[in-house]
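Colleague: sharing a model that was predicted from the sequence below.
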Amino acid sequence: MTRHGKELRQDDETLRPLTWESQHTMQPGVLLMLMLSITHTQSLSSCPASCVVCSEDAVICYKLSNILEAPETTKAMMLTDGSIVSVDRHFLSDMSSMTVLSLSHNAITTITHDAFQNLTVLHTLLLDHNHLSSQALGRDTFSWLPRLEILKLGNNALGEVNGSWFHAAGALRTLQLEGNRLSRLDATTFASADLQGLETLDLSDNLITYLGRDSFRGLLGLRSLDLSRNQLQSAPPEVFSYLSWMSSLNLELNWWNCTCELRKLASFLTSYMEAPDKVLFNGRRMVCVSADNPAVKTVLELTEANCVPTNQNITVQVEARNAISSQRYTRDLALAAAFCFAGGVGLTLAVVYIVYCKLGMNKSLKVWRDRTGAEEDENGRTAPTQTVTQWDLSRENEALPMAQMGLETKLIIPNSHLQPWDRERAMFDLRIGKDGGHFTCPHCGPAVSGSAMEQGVGDGHLGAPLHMLRQGGGQPNKMESLAMTEESDERKRHVPQQALISKTEDLSGQSSLKEKEEEENEDLRRYCRYFTKEQLIMLCVCVALLVLLLVIIITSVLLTQNGGKYLSQKKCNQQASETILPFPTDGDMLDFLVQTGDIRERDALYATWYHRANNKSEMNIALQSCIMVLEADVTVQGYATVNVTTIPIMAHPPAVYSDNTLDQWLDAVLQSKKGIKLDFKCIQAVTPSLGILSMKNQTKGINRPVWLNADILPGPNVPAFWPVIDGPEFLAMIHQSFPDVTISPGWAVLYLPQFPNVTYTQAMVEDMYAIIKNVPQTVTFPIHALMAKNGWPHISWLLSQSPKFSLTLWQSQEKNPSVNDLLFVRDNTNPKRVYYDIYEPVLSQFKEAAKQRDRQRRFYPGGDLIDYFQPKYRDGLYIQWNTVTDRASLLSLLSDSASGMLIIPVGSGSAQPGVPVVEGSRPEFLLQDSLNLVLASPKPFGIYLRIQSQSQLEPSLHLLSSAYHSDLLYRPVWVNMALSHGAFQTQGYISGREFLHTVNQVFPYVTLAPSWPLEVLREGYNRAMVDDMEVLLKGAWQAVSLQVRAEPLGRSVEGQRRIREVQSRYSLTVETGIESGIDEAGPQAIMANLSGSKDRSLFFYN
């Protein structure tokens, strides 16, 4: 019950609190009204005429270009809707009593660090709707305002938030940053800020894609957080969990990717909603833009039971090799070669190491065998018989077994850890001794001599005859065996231990000396005292292989950075050596590039351009590259000097001299297969250049398209007095001397980062069309890429005036255009009609993005309905139209329908009269909420606003404008109202001219869908009504679709005839309803009468 009750409280629009905009824009106004009630009413004589209030305590002015000097007693100042550019201390130095300062809706780009130094009691500061960038604010900007509680910085150009701005903002309670360009919030965003008292933070309508776990760590007192209408796909729940005081959270209309990774956030939000003092605004509008489980529609629906692990949905993207750029192909090839070589090096080293170890083992084994064999040979010569005493030395200095004739004697031999071959020699030496070749026994009486031993006599003890040890013989008899046994026993008791130990020590000493000699010999054979010959060879081989691998990797990186130029250079040179087939100089550039093999399809995106190939060095670089079209600037030698001539040279102002003339430039270029574009910088260079072109074409044959460009009109940010080439004269020269060209007439443009929204105006494009409309040549208009999107309504109108027209988007070096803006242009034009003269790396990024088939199309809201829906046979009758009555009906349409236009009747709310709602919905369904749901849907739905009252037109358009400038609205939008004008002027309806003016001022990027009041249709449509509607719409540059009702139209033959006449300019939408009484055959009959054999894409059935 608690959860359902909480959801009902959110959905009940009568209980919904005001939005941020309505709450906090009202606070300064309320404060100002309270102050005005106690202020002096005497006006100051120095106030401008645009000031509505100008007293000693308060100043309210509009449309000022500078901050007004006000009295020291001024407590409130509101200077809005003006053109103020900068704020510094000079203007505010004497206003120490000011508590409210509003500079909203101006053009402020700079604020000095001490601008607010004297405003120590300022309570409210409004700087929204300006052009402030992040660089315009510094550490000291707000540090002079110790009592500041409300700061509004919304709708500016802030790309990031620096916490140092607020290092002394301990009193700040409300911070509004909505409508900026913020893209991420991490642990450093507010780390250095003193915002412990901040209660309300609005970050809506930004471009935020990332939230870190500690993004709001320092905002311990935060109570309200708005992150709606951003681009969040996921968010860690920890980012909100430590905000214990937060009672209001808004996360609607983000780009939620409802995978299992988002399950923790869903669980946190569910628990957050169930708390009695927590409010999650529009929780059901956290719509999933993408989800692993199609049944999951919102984030709150995501549970452990219905989430699908990511590894269960594997998408394999296969691209043809031809679709891979040369840079990527070169990179892959280089990396593959490097990895293959690295693997080969590793395998080679492993084989060499194994062979080396094997050889070492074989060598050691051979040495051991040779020594053993030599000793065996020596032993064989000295003791060949079986009666030789056999010695065995233990490894643990234990007893030495001595076997003789089957007997064993154990002798204690220290240092007996000898090698087998040394042990045999030691045993032999011990056997024979060094004192006469016999043992000495002190317990056995006198020493037994060798002769005595031979006789077998020795003071009562038996001795071993020496000749028996040195001679071989047969088996001993029993007496001899008994004697040997007794002798062995006696020796066990009286063995000369000290003699044997001494002998063993001598043997160990000899062995140690031998080992030292071997070690010294081994040291002499080592290189650098550490490596043997074999080891040194191995080391050199490894180092050489590693160096070779490093060379290959570095080469691969260089090839990758150069975009594959090395691999493609040979192909380019081969193509350049081929014979060029005949081609007209006024031919289509795409046809030429397809003929030469530079591109495979007629898509202008793949044509490449080289800027300013003027002097010989730049020209040669361009000719050796794979660039397809060369653009060069033409002027006359010594232009604007006393030494001026008529010789055309290749130079860009202010240069007036060059090492390259046009004649030389053409000779070099005509030996290649490059297209030609000449940009004339002065009118004096046109005629002689055309003469050279004509002569070259007659003698050599140019055999390629030739484009001639000149700036013939002042454009954005360029004053009217700026010198440009005379357009009619330029065209006349071309027509007279060399008409077989493509003309490229343009505007002189100056891009200023301080004014990013300045663009081409309706007057600019209309002036251009007036000059160019009658030329027989193909025309391409150069458009500054940074100004294309904002000026698209006028640019698209110009492009639509003739199929011979095309666009060439170019850029200056000040700033790169965004890929999204380029995609916007491409998505709303034919790929054959827009060229892109754009620098790298943006061009490559743009090409990669344009190839993605699953990306969302960035459709122009005022674009062609047929182009958006692509209905069967391009017939408007196949487009579905459905009416939204309330929230349930909209959710049902978004879920069940595949596509179509959503008709939303807009009325005024009863609880909030100024807020547009869906007409007739119970409970009242806000228009803002309905738009949010539609914009979050991945399906192709269009928006048709049927606005009932004049009071709701502007608020509705503001909602559309906010979505568009937040990069969310890329769907067709139609705005319908019944108008009052001329023959159909009716009381209670909005004036037609006021309707057009409001649309143009607030949000002009729509299709106009005007209709006639029902009161004037009792007799059907007549000629006067249609004529006056045509006159009214004559000045509209938007697309127009006339809304006609089926039943009145069926009663008027004259009206059908007249409407058929205007259909060549406007599309028609036939509306049917219950009151019309028309049957199912009615639309077909009306279409047959109206459209006949005309294009049925201009006819819609609503």
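Modeller: Cool, the structure landed. Numbers count the residues shown, from 1 in each chain.
Colleague: per-residue confidence averaged over stretch 795-809?
Modeller: Across stretch 795-809, pLDDT averages out at 94.
Colleague: flag every buried residue along it.
Modeller: For stretch 795-809, burial by neighbour count (16 or more other Cβ atoms under 10 Å) applies to I795, S796, W797, L798, L799, F805, S806, L807, T808, L809. C-beta coordinates here come from the backbone N, C-alpha and C atoms, glycine included.
Colleague: same thing with stretch 910-921?
Modeller: By 16+ other Cβ under 10 Å, the buried positions in stretch 910-921 come out as Q912, V915, P916, V917, V918, E919, S921.
Colleague: make TSV from these and add secondary structure to it.
Modeller: TSV is the format used below for the buried residues of stretch 910-921 (DSSP: H, G, I helix; E, B strand; the rest coil):
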residue	secondary structure
Q912	coil
V915	coil
P916	strand
V917	strand
V918	strand
E919	coil
S921	coil
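Colleague: tell me which two of those residues sit farthest apart.
Modeller: Within the buried residues of stretch 910-921, Q912 and E919 form the most distant pair, 14.5 Å apart (Cβ to Cβ).
Colleague: and the contacts of stretch 238-248?
Modeller: Stretch 238-248 has contacts (Cβ atoms under 8 Å, 6 or more residues apart in numbering) with 211-217, 219-225, 249, 268, 272, 277-279, 281.
Colleague: how about stretch 542-554?
Modeller: Residues from elsewhere that reach stretch 542-554 (Cβ under 8 Å, 6+ apart): A337, A338, F341, A342, V345, T348, L349.
Colleague: show me where pLDDT drops low in this protein?
Modeller: Residues of the chain that meet the criterion pLDDT under 70 lie in 1-46, 308-335, 338, 359-360, 363-364, 366-531, 533-534, 555-579, 1073-1102.
Colleague: okay, domains of it per the record?
Modeller: Domain assignment of the chain by automatic domain parsing yields the ranges 2-259+274-285, 328-378+529-561, 383-410+420-471+484-521, 602-813+830-837, 865-1101.
Colleague: so how far is stretch 726-745 off the chain centroid?
Modeller: Computed by Cα atoms, centre = their mean, to the nearest Å, the chain-centroid distance of stretch 726-745 equals 42 Å.
Colleague: for the contacts of stretch 542-554, give me a markdown table that also has distance to T645, secondary structure and neighbour count.
Modeller: Output for the contacts of stretch 542-554, formatted as a markdown table (distance: Cβ to Cβ, whole Å; DSSP: H, G, I helix; E, B strand; the rest coil; neighbours: other Cβ atoms under 10 Å):
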| residue | distance to T645 | secondary structure | neighbour count |
| --- | --- | --- | --- |
| A337 | 55 | helix | 15 |
| A338 | 56 | helix | 18 |
| F341 | 60 | helix | 15 |
| A342 | 62 | helix | 15 |
| V345 | 65 | helix | 17 |
| T348 | 69 | helix | 13 |
| L349 | 71 | helix | 15 |
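Colleague: out of the residues you listed, the closest to L119 would be?
Modeller: For the contacts of stretch 542-554, the residue nearest L119 by Cβ to Cβ is A338; the value is 63.3 Å.
Colleague: D588: which of the buried residues of stretch 795-809 is nearest?
Modeller: Closest to D588 out of the buried residues of stretch 795-809 is S806 (9.4 Å), distances taken as Cβ to Cβ.
Colleague: whichever strand or helix holds that closest one packs against which elements?
Modeller: Secondary structure from DSSP states H and E places S806 in strand 805-810. For strand 805-810, the packing partners by 3 or more Cβ pairs under 8 Å, 6 or more residues apart in numbering; DSSP states H and E come out as strand 779-784, helix 792-799, helix 819-827, strand 834-837.
Colleague: try 6 Å this time
Modeller: Packing partners of strand 805-810 (3 or more Cβ pairs under 6 Å, 6 or more residues apart in numbering; DSSP states H and E): strand 779-784, strand 834-837.
Colleague: let me know which of the ones you listed is the nearest to C260.
Modeller: C260 lies closest to strand 834-837 among the helices and strands packed on strand 805-810, at 40.2 Å (Cβ to Cβ).
Colleague: chain center to that closest one: distance?
Modeller: Relative to its chain's centre, strand 834-837 lies at 21 Å (Cα atoms, centre = their mean).
Colleague: in which helix or strand does L548 reside?
Modeller: Using DSSP H and E, L548 sits in helix 533-561.
Colleague: now the strands: where do they sit in the stretch 101-250 of the chain?
Modeller: In the stretch 101-250 of the chain, strands defined by DSSP state E, counting those that start in this stretch lie at 110-111, 124-126, 150-152, 174-176, 184-185, 200-202, 210-211, 224-226, 248-250, listed in chain order.
Colleague: out of the ones you listed, which gets nearest to W747?
Modeller: Closest approach to W747 among those is made by strand 110-111 (27.8 Å; Cβ to Cβ).
Colleague: give the pairing partners of that closest one; include direction for each.
Modeller: Applying DSSP bridges, strand 110-111 is found paired with strand 86-87 (parallel).
Colleague: what does the partner strand contact?
Modeller: Strand 86-87 is contacted from outside by T110, I111, A115, using Cβ atoms under 6 Å, 6 or more residues apart in numbering.
Colleague: what's the first helix or strand after it?
Modeller: On the C-terminal side of strand 86-87, the nearest following helix or strand under DSSP H and E is helix 89-92.
Colleague: can you pull the buried residues of that next one?
Modeller: Across helix 89-92, burial judged by 16+ other Cβ under 10 Å covers F91, L92.
Colleague: same check, this time on stretch 892-912
Modeller: Buried residues in stretch 892-912 (16+ other Cβ under 10 Å): 893-894, 900-909, 912.
Colleague: could you work out the most separated pair of those residues?
Modeller: Pairwise over the buried residues of stretch 892-912, using Cβ to Cβ, the maximum falls at G900 and Q912, 29.7 Å.
Colleague: coming back round to it: return the member of the contacts of strand 86-87 nearest to A235.
Modeller: For these, the closest approach to A235 (Cβ to Cβ) belongs to I111, at 32.3 Å.
Colleague: before we move on, the earlier item: between the buried residues of stretch 910-921, which is closest to I702?
Modeller: P916 (60.6 Å).
Colleague: for the strand holding S806, which outside residues touch it?
Modeller: Residues outside strand 805-810 that contact it (Cβ under 6 Å, 6+ apart) are V779, T780, F781, P782, I783, A785, L799, R833, V834, Y835, Y836, D837.
Colleague: what's the distance between the fifth one and V594?
Modeller: Using Cβ to Cβ, to the nearest Å, I783 is found at 24 Å from V594.
Colleague: these two: who's more crowded?
Modeller: Higher neighbour count among I783 and V594: I783, with 25 against 15, using other Cβ atoms under 10 Å.
Colleague: for that one, give its distance to Y836.
Modeller: Counting by Cβ to Cβ, the gap from I783 to Y836 is 10 Å.
Colleague: on that earlier part again, the strands of the stretch 101-250 of the chain: which one's closest to C682?
Modeller: For C682, the closest of the strands of the stretch 101-250 of the chain is strand 110-111, at 36.6 Å, according to Cβ to Cβ.
Colleague: show residues contacting that closest one.
Modeller: S86, V87, A136, T141.
Colleague: distance check, the first one against C51.
Modeller: For S86, the distance to C51 under the criterion Cβ to Cβ works out to 21 Å.
Colleague: if we can go back for a sec, closest one to S672 out of the contacts of stretch 542-554, please.
Modeller: For the contacts of stretch 542-554, the nearest to S672 is A337 (31.3 Å; Cβ to Cβ).
Colleague: hang on, the earlier thing: can I get the buried residues of stretch 892-912 in JSON lines including distance to D663?
Modeller: Formatted as JSON lines, those follow (distance: Cβ to Cβ, whole Å):
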{"residue": "L893", "distance to D663": "67"}
{"residue": "L894", "distance to D663": "66"}
{"residue": "G900", "distance to D663": "62"}
{"residue": "M901", "distance to D663": "60"}
{"residue": "L902", "distance to D663": "63"}
{"residue": "I903", "distance to D663": "65"}
{"residue": "I904", "distance to D663": "65"}
{"residue": "P905", "distance to D663": "69"}
{"residue": "V906", "distance to D663": "66"}
{"residue": "G907", "distance to D663": "72"}
{"residue": "S908", "distance to D663": "72"}
{"residue": "G909", "distance to D663": "74"}
{"residue": "Q912", "distance to D663": "74"}
